[in-house]
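[1] Model the following, please.
(2 chains)
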Amino acid sequence: MLTARIEKLKDFFFDKGHHGVRRTPESLGLDTLCKKYAAEGIPAQLRAALLFEAMTSAEKPVIFDGEQIVATRTITRVPSYFTEEEWAALKAHHYLHENGMLSNISPNFSDAIAEGLEQRKKRFTERMLTADEEGKLFLESAVRSIGALQDLIGKYEVCAWEKGDVVLAETLGRIRFDGASNFREALQLLRFIHFGLWESGCYHNTLGRFDQYMWPYYKADIDSGRLTKEEAYELLLSFFLACNKDSDLYPGMQQGDNGQSLVLGGRDASGKMLFNELSSLCLDASYDLNLIDPKINLRVDRNTPLEVYKQGARLTKRGLGFPQYDNDDVVVPGLERLGYAPEDANDYVVAACWEFIIPGKAMDIVNIGALSFAGLVSRSVDELGSFENFEDYYAHIDGMIKDECRRIAAGYKNLYIAPAPLYSVMMDGTLERARDITLGAKYNNFGIHGTGIATAVDSLAAIRKYVFEEKSLSVKELQAALDANFEGYDALWKKLRFEAPKMGNDDDGTDELAARLLASFDEGLSGLRNERGGIFRAGTGTAMYYIFHAVHLKATPDGRKAGEVIPANYSPSMYTRHKGPVSVIKSFSKGDLGRSINGGPLTIELDDTLFRNEENLEKLAMLIRSYVQLGGHQLQLNTLNKETLLDAKAHPEKHRNLIVRVWGWSGYFVELDECYQNHIIDRIKFTM
Amino acid sequence: MASGTIFSIEEFAINDGPGIRTTVFLKGCPLRCAWCHNPEGLLPAPQVFHGIYGDRITGRIVEAGDLAAELLRNRDFFAMNGGGVTFTGGEPTMQPRFLCEVLDRLEGVHKAVETSGWCAPGVYADVLERVDLVLQDIKLASPEAHRRWTGQDNSPILRNLETLKRSGKPFVIRIPLIPGVNDSLSEMESVAALLRGALALRRVELLRYHKTAGAKYPRVDLHYDPGFDREASPAVHTEVFSDFETIIL
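    Next up is the predicted model:
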């Protein structure tokens, strides 16, 4: 349950009460700093620190009534430290990932919170004595960034004294310099570091294994009686709430796509289960707050007790679209197979959406590109006439996938990421290397999404059955029907769409095609190296590509018409009724998903009216556990109500709070572009 | 081998017994309950169903062995999750040979049947001995009201209910709550009286009337005119079942 304090604050933030303190960078003269830097010829590495200093110094400390965990953005946008001309020049010579800033990795919060800012600043300063010139520049920018963050905390400390909040002021006074000594300090320090990452222009800033690195502080406070469980819970709620305050200012494809993922549970290298009392409290806090951040991931395995799944299922029922379930039994060995050290693999977290990443140690770019399974199969139909049998045809598809893998891999050359000294301070090895994290880390792998797998499988299954086995459909007729977008081919369209075999019906022959496609993809990427010496990781996620890739995709042999979307992530086709969730779960756990370790969840939509009582919640928990026990890698469940969604589309003003899962993140339905709203409504056409 | 007609197989049927279950809907029913929400289950034979993508046939004829094989694919899945298979309808006892043969083939699977109990005593006993759990519907205790609202006398049901109570087989009583039909205190007390001495009764489930019950009638060329106020909410008298665990679904 929410406390009165939190309830009040939540309403205040939801009514945008804090928007009044916001100013634009233009009004503060921050937007023109890049021109000054350019004119003075200041190197990018240092600019990053200078801009961060300017930003934090322009920040106005604000503490709202009742706030226990503070730090609120008062500047609407982080301006760039490059001019537009400089960006254009960078683009001309480099590959820039998304907007060119650092995104979508995971810091080592654990060590940073324990060590404290002053000690870390000292170590980075000392390292300057032995570093080369480039190193000195990096270390200076790192040290200045830490100092700027400390000064910001200092301003908040003064503000807290003026407000008469002694406990807060003392907390701030300590964490400005020292590592955390209790739960409250740990949360507050985490809040400022996380705030600083956003403020420095980095984005998709994840939160990692929160229940693990916060556990020692929580436990010590509870054991010693310094905090009651209720007090600790309220602090936790305060922290979670704080993650939602500024999220409308964070860059993303759509509002809500901000990457504030938080991972619970899992195991250590010895196999010991790490789900603890704090993990439980986090699930409760997310349930009680009913807000889109942080986005919860729950690490589970075949030995996870049903009770844990039940707690997750309770949150699932809330309809926020999370938790997302990640299966350690598949993910950990899958990461090891790709070359991640066992202790690192066991410590995996989830990047912005579903991509598995190692906190503190990985400069992986997990969403660098995408391969469209549906697009490749669609193109292959042109040459279908030249094959005698299905196996020859599949060999051709296999070759196309591998060609596409090589083409994609060759496309990312001369990568440039704008320096991120504050983020670097929170990553392992940057001190030793005296180099910015954007230049590389222990792991420098690139992740490639694989989109439209069900569309591809269903198309191949239809071709195999009707063209090669039954020979009831000629290649020419199929090609003509697809070219005509099935106009005038109504009977064929119905047969392909509704009667043909589909992935998701626990039909081994069809499901085996998916396993083959994933194997081809993984084989296609294996052995390829990126320019940083890293590898390429195959995945089953789509991100926004389920919209992008579908736009130019003509009608497909599964009976999908041109313009109709493809399913998000690793999910069954949306245009036919499947046998049900049990068959879907069995179908989608058959392949060797350890080979799709860039991630991308099976997504199942359930009608919210199904889960009215405890007993049904337990059945939902069993369903989730079954997917894990059968070897699925990742699962995400949505509980939706179609009437509510349609009403929300028509009357957005009545549904400001309605939260839905979009692809790897949850957002407010009424804030989404219409194409995403429609996709969500289409997804539940065939819910149970 | 016996064959039968079914009109749906539903996976993850969460209100039809313990654990994760698949429910099989057998086509054909001797009753004509005014509130029935599965009108495509009334007639025994396959028939046209006007779907959103045009007409299709609802109801398929299957061999008992084929149906059992299909269900057995999930035997391990059911076992992992304390579940099994539930047969409902329509009225599953309308196809006794088919039903019994399928049940016989489901070795190692937890089996339940949901029935109105309107069937011959011998059929009821045959089914009873083959299942692990009975979901026994009771719609009305009063014979006259039963005739009016379901089109049939309830004496076969009451006789089979006694058989069930004597058998020691675990069972659940399910009562649809229909506004103005059976939701009065006196009617519920009469139903409760029928349950006296039912030692193996696991619990009583009260099923709220669905306002959307009439949705599928035009799909099978029927007109929904239940003869009671379908907008009203039924009264809920859980207190009369205080001897048993009671749940509202």
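
[2] Verify the contact between residue A:53 and residue A:148 for me.
    Yes - using C-beta atoms under 8 Å, residue A:53 is in contact with residue A:148, at 4.4 Å. Every residue, glycine included, has its C-beta placed from N, CA and C.

[3] Neighbour count for the two, which is higher?
    residue A:148 (25 against 18; other C-beta atoms under 10 Å in any protein chain shown).

[4] in which helix or strand would I find the more buried one?
    According to DSSP states H and E, residue A:148 maps onto helix A:133-163.

[5] and that helix, which residues are buried?
    Going by neighbour count (16 or more other C-beta atoms under 10 Å in any protein chain shown), the buried part of helix A:133-163 is A:135-150, A:152-153, A:155-157, A:159-160.

[6] Now do the helix or strand following it: which elements does it pack against?
    Per DSSP H and E, the first helix or strand lying C-terminal to helix A:133-163 is helix A:166-175. In terms of contacts (3 or more C-beta pairs under 8 Å, 6 or more residues apart in numbering or on different chains; DSSP states H and E), helix A:166-175 is packed against helix A:133-163, helix A:183-199.

[7] check contacts around residue A:211.
    Residue A:211 makes contact with A:263-265, A:274-276, A:278-279, A:282 under the criterion C-beta atoms under 8 Å, 6 or more residues apart in numbering or on different chains.

[8] Can you tell me which of the residues you listed has the most neighbours?
    residue A:263 (30 neighbours).

[9] near chain B, which residues of the stretch 401-550 of chain A show up?
    A:494, A:498, A:506 (C-beta under 8 Å from any C-beta of the partner chain).

[10] For the closest residue to residue A:565 other than its chain neighbours, report the pLDDT, please.
    Using C-beta to C-beta, 6 or more residues apart in numbering or on different chains and skipping the chain neighbours, the partner closest in space to residue A:565 is residue A:550 (4.6 Å). Looking at residue A:550, its pLDDT stands at 76.

[11] repeat for the one 5 residues further on
    As predicted, residue A:555 sits at a pLDDT of 96.

[12] ok so it is a helix residue?
    No - per DSSP: H, G, I helix; E, B strand; the rest coil, residue A:555 lies outside any helix segment and is coil.

[13] ok, it - contacts?
    By C-beta under 8 Å, 6+ apart, the neighbours of residue A:555 are A:481-483, A:485-486, A:561-562.

[14] Please state the backbone phi and psi of the residue in chain B positioned nearest to chain A?
    Residue of chain B nearest chain A, by C-beta to the nearest C-beta: residue B:11 (2.6 Å). For residue B:11, the backbone dihedrals (degrees, to the nearest 10) come out as phi -90, psi 160.

[15] ok, now the one 5 residues further on?
    Here is the backbone geometry of residue B:16 (degrees, to the nearest 10): phi -120, psi 40.

[16] show me the contacts for residue A:396.
    By C-beta under 8 Å, 6+ apart, the neighbours of residue A:396 are A:380, A:383, A:387.

[17] which residues sit in contact with the nearest residue to the last one once chain neighbours are set aside?
    Spelled out, that is residue A:387. Closest residue in space to residue A:387, ignoring its immediate chain neighbours: residue A:393 at 4.1 Å, by C-beta to C-beta, 6+ apart. Taking C-beta under 8 Å, 6+ apart, we find residue A:393 in contact with A:380, A:384, A:387, A:463, A:468.
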